[in-house]
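K.L.:
curious how this folds, go ahead:
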Amino acid sequence: MSSVQYLKGIGPAKAKLFERLEIFSVEDLLHYYPRTYQDRRENAPNAGLNPPSLVVFKGRVLRAHTVPARSVLIFKAFLCDAQNNQIECTWFKRRTFRNFRFDPFAQLKKDFKMNAEIWVIGRRENRNNFFDNKINVEEYYPAADPASAWQAGRITPVYGLTEGLTNKQMRQYMHEALTAAEAEGEPDILPPSLAEKRKFLGSAQALHAVHFPSSLAELENARARLAYEEFLLLATAWGIKRTQKNISAKNYTYQIKKHLLTPFRKNLGFDFTNSQKKVINEIFADLQSPRPMNRLLQGDVGSGKTLVALSAMLLAAENGYQSALMAPTEILAEQHYLTFQKILKKLKVSVAVLTSSTKTPERKKILSALADGSLSVVVGTHALLQDDVQFKNLKLAVIDEQHRFGVRQRGKLKEKTEKLDLLTMTATPIPRTLALALYGDLAVSTLTELPPGRRPIATQMADEYRANHIVAEEVQKGRQAYIVYPLIEESENISAKAVSEEFEKLKAVFPKYKLAMLHGQMSRTEKESVMKDFAAHKTDILVATPVIEVGIDVPNATVMVIQNAERFGLASLHQLRGRVGRGEHDSRCILVAQHQGSVARERLKIICDTCDGFKIGERDMQLRGPGEILGTRQSGELEFKAGDLFKDRNILQWAIEDRDELLAADPLLQKPEHAAFKKRLLELYQKNWHLIDLS
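P.N.:
Numbering: from 1, shown residues only. Below is the predicted model:
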């Protein structure tokens, strides 16, 4: 479709405003769905769409006049509604130099003639918590104006806007866009058999109804149709990619030789859980298969994902292959490195860590060892993706906290070698149906149990005084504690405590004990020294930012205090809590909150009520949506406009079932009835994801 600037009333200048909303074409505008709706029908049967103070009515003008005032200009109109109520409507204008030259109420005086019928939308004045029949007007439309047909008297869309655009304008432009689209007669992209099977509205009807529904039932039907379309496109792209991936065979094999794996397991001093054994067998079977592995490993905090990943990396090392583990933060990468060093110190396996903080001489040494193959295992951050990082024989990549990496970043790692086995890990467990949609080309393994000895962590709300008292009690017993703050330094824009300022105060609160500070802006040497001292119990209390959210394992730490807990998401709170409860002693997590809105209160209640990461992950998706939690919203991988992966799981299941039926009948979508769907699929995914090849 053509550029949005050619729609009536827009032009080049307004088109620039639309670009801020990522709307460039008429098609982009049509798929810019309303943020919410207002019920602007007379005697609206469903008041749930509207806030209590909102007034929508069609009235007959009784009289209208300006009101003299010093600081503002006021216009009042008195209208009689259908129930013969007299309603006083008010407009305010600030006095300006322009007001003295031009009458700001000229149009109002023209429209509000006696006996004229007007649609009015406004807010009731609230005087001493009593709503009367006086309203401040936000919008009005003469009933005789054809534009009122899509602005009032119906369920009306409300859009997310940018400065310079109003909802009144957006509705006008959307009406123009729908009229233009209907005139062009774009084909319905859904294969006819599937549209008939699911009894969905037609494409044009659904698009019109999602913007200007005639009823709430039609609105829900339209949204379901558009959500299904989005899910089917994604599921089909993944299905084709999976098929094409399975055609591609590896040119290398793995043999289980056990000269590293057997001593590794003996040196651990404990046995794997049954769940870990099952998942390791699944991964080893993938590695030994003729097709590249693409597996998602999910498990709760402390379920032992790292040891499972290390088992796979040792199998690669046994076969003379290199492996890389990529973590989202330097703290986590360095913690993995220290863990690997400790576990592998008696084995002949070379390990290094590469981050942006790695000094030049050490970096050159690591790059050389990767290039000549003498370095078997490398742990790193995004630094591993840089062009000068070259491997001689990279065959296995492990991505930790995968939701913090996008498709392109994972693809960049795959470019380092001809074929690559990929294991991605997440501590945000998700239902199987969502996993199929989000990671359609991945097999999914789940760790369902925690290692023996992991104790439940008592979680409670407390004020700062009580939290400090609990810390003192535990430290006095010989235990250690974490105190976490959301910021490194104080900010004028954010009302939250900062670790650098609070650290000095805490030294006075705990004068008898040794405190240390840890945050992301410290040098690698400083961070490593602080972590080692805390692990060796040279430090009693670690005062930190959320950099310790993952990767820190100190069995003697029994208290986690989270300051400004209301500023953390559920996943972060659960991850931070998981830093304690790793030893033989009972552990506690104390949440100290300053400002609690309704959503924050709900999050804190959930974290206090359960330690089950699967339940927490599910509730987090309900509160924030899967795209936010899994990082896909930021990376642009899953930006569903109509669908909600959590709420629409039944529609998602339909899409997955229908995808299988569609591709079984027409694997490359070559039939004429699939042409429009294939065209849309290529437009959406081939350009951005390089997912599929339908040539």
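K.L.:
taking the mean pLDDT, what do you get for the helix or strand hosting residue 333?
P.N.:
According to DSSP states H and E, residue 333 maps onto helix 330-344. Average pLDDT, helix 330-344: 86.
K.L.:
now stretch 587-600
P.N.:
Rounded mean pLDDT across stretch 587-600 is 85.
K.L.:
so what's residue 142 up against?
P.N.:
Residue 142 sits next to 111, 116-119, 148 when contact means CB atoms under 8 Å, 6 or more residues apart in numbering. All C-beta spots, glycine's among them, are computed from the backbone N, C-alpha and C.
K.L.:
what of residue 667?
P.N.:
Per CB under 8 Å, 6+ apart, neighbours of residue 667: 240, 243.
K.L.:
which helix or which strand is home to it?
P.N.:
Per DSSP H and E, there is no helix or strand for residue 667.
K.L.:
where does it land on pLDDT?
P.N.:
Per-residue confidence (pLDDT) for residue 667: 89.
K.L.:
from residue 239, how far off is it?
P.N.:
9 Å (CB to CB, to the nearest Å).
K.L.:
run a quick neighbour tally on residue 132.
P.N.:
By the criterion of other CB atoms under 10 Å, residue 132 has 11 neighbours.
K.L.:
host element of it?
P.N.:
Using DSSP H and E, residue 132 maps to strand 130-142.
K.L.:
quick one: buried residues of the helix or strand where residue 501 lies?
P.N.:
In the assignment (DSSP H and E), residue 501 maps to helix 499-509. Residues 499-500, 502-503, 506, 509 are the ones in helix 499-509 that count as buried (16 or more other CB atoms under 10 Å).
K.L.:
and whatever residue is furthest in space from the centre of the chain, what does it touch?
P.N.:
Using CA atoms, centre = their mean, the residue of the chain lying farthest from its centre is residue 114. It sits 53.3 Å away. Applying CB under 8 Å, 6+ apart to residue 114 gives the contacts 61-63.
K.L.:
from residue 64, how far out is it?
P.N.:
To residue 64, residue 114 is 8 Å away according to CB to CB.
K.L.:
residue 82: neighbouring residues, count only.
P.N.:
11.
K.L.:
average pLDDT across the strand holding residue 132?
P.N.:
84.
K.L.:
how far away from the center of its chain is that strand?
P.N.:
Computed by CA atoms, centre = their mean, to the nearest Å, the chain-centroid distance of strand 130-142 equals 38 Å.
K.L.:
buried residues in that strand?
P.N.:
Neighbour-count burial for strand 130-142 flags 134-135, 137, 139-142 (criterion: 16+ other CB under 10 Å).
K.L.:
now, which of those residues sits nearest residue 13?
P.N.:
residue 139 (23.2 Å; CB to CB).
K.L.:
where does the residue nearest to that closest one when sequence neighbours are not counted land in three-state SS?
P.N.:
Take residue 139 and drop its neighbours on the chain: the residue closest to it by CB to CB, 6 or more residues apart in numbering is residue 121, 4.4 Å away. When classified by DSSP: H, G, I helix; E, B strand; the rest coil, residue 121 comes out as strand.
K.L.:
OK, contacts around residue 121?
P.N.:
So residue 121 contacts 38, 40, 54-56, 137-140, 152 (CB under 8 Å, 6+ apart).
K.L.:
which of these sits closest to residue 361?
P.N.:
Nearest member of the contacts of residue 121 to residue 361, counting by CB to CB, is residue 38, at 64.5 Å.
K.L.:
how far away from the center of its chain is the helix or strand containing that closest one?
P.N.:
Assigned by DSSP H and E, residue 38 belongs to strand 36-39. Centroid displacement of strand 36-39 relative to its chain, using CA atoms, centre = their mean, is 25 Å.
K.L.:
tell me the first helix or strand C-terminal of it.
P.N.:
Taking DSSP H and E, what comes next after strand 36-39 is strand 54-67.
K.L.:
may I see the buried residues of that next one?
P.N.:
Those would be 54-59, 61, 64, 66, for strand 54-67 by 16+ other CB under 10 Å.
K.L.:
who's in contact with the nearest residue to residue 677 once chain neighbours are set aside?
P.N.:
Among residues not flanking residue 677 along the chain, residue 189 sits closest, at 4.9 Å (CB to CB, 6+ apart). Listed by CB under 8 Å, 6+ apart, the contact partners of residue 189 are 203, 229, 676-677, 679-680.
K.L.:
got the residues you listed as JSON lines, with distance to residue 72 columns?
P.N.:
Converted to JSON lines, the contacts of residue 189 look like this (distance: CB to CB, whole Å):
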{"residue": "203", "distance to residue 72": "49"}
{"residue": "229", "distance to residue 72": "49"}
{"residue": "676", "distance to residue 72": "56"}
{"residue": "677", "distance to residue 72": "57"}
{"residue": "679", "distance to residue 72": "56"}
{"residue": "680", "distance to residue 72": "52"}
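K.L.:
what subset of those residues is buried?
P.N.:
Applying 16+ other CB under 10 Å to the contacts of residue 189 flags 203, 229, 676-677 as buried.
K.L.:
now, which of those lie within helices?
P.N.:
Per DSSP state H, helices hold the following members of the buried ones among the contacts of residue 189: 203, 229, 676-677.
K.L.:
looking at the chain, which helix or strand is least sure?
P.N.:
Every helix and strand of the chain was ranked by mean pLDDT, DSSP states H and E. The lowest is helix 632-635, at a mean of 41.
K.L.:
poorly predicted segments of the stretch 351-500 of the chain, please.
P.N.:
Low-confidence segments of the stretch 351-500 of the chain (pLDDT under 70): 402-411, 428-442, 453, 489-496.
K.L.:
the same query, at a cut-off of 90, please.
P.N.:
Low-confidence regions of the stretch 351-500 of the chain, defined by pLDDT under 90, span residues 356-359, 382, 387, 400-420, 424-456, 486-500.
K.L.:
quick one, strands of it?
P.N.:
For the stretch 351-500 of the chain, applying DSSP state E, counting those that start in this stretch gives strands covering 351-354, 377-380, 394-399, 421-426, 443-447, 457-461, 480-484.
K.L.:
does the fourth one pack against any helices or strands, and if so which?
P.N.:
Packing partners of strand 421-426 (3 or more CB pairs under 8 Å, 6 or more residues apart in numbering; DSSP states H and E): helix 274-288, strand 294-299, helix 305-318, strand 394-399, helix 407-414.
K.L.:
and the angle for that strand with strand 394-399?
P.N.:
Interaxial angle of strand 421-426 relative to strand 394-399 (axes from the mean of the first three to the mean of the last three CA atoms, to 10 degrees): 10 degrees.
K.L.:
show residues contacting strand 421-426.
P.N.:
250, 283, 286-287, 292-299, 305, 309, 312, 316, 395-403, 410, 413-414, 439, 442, 630.
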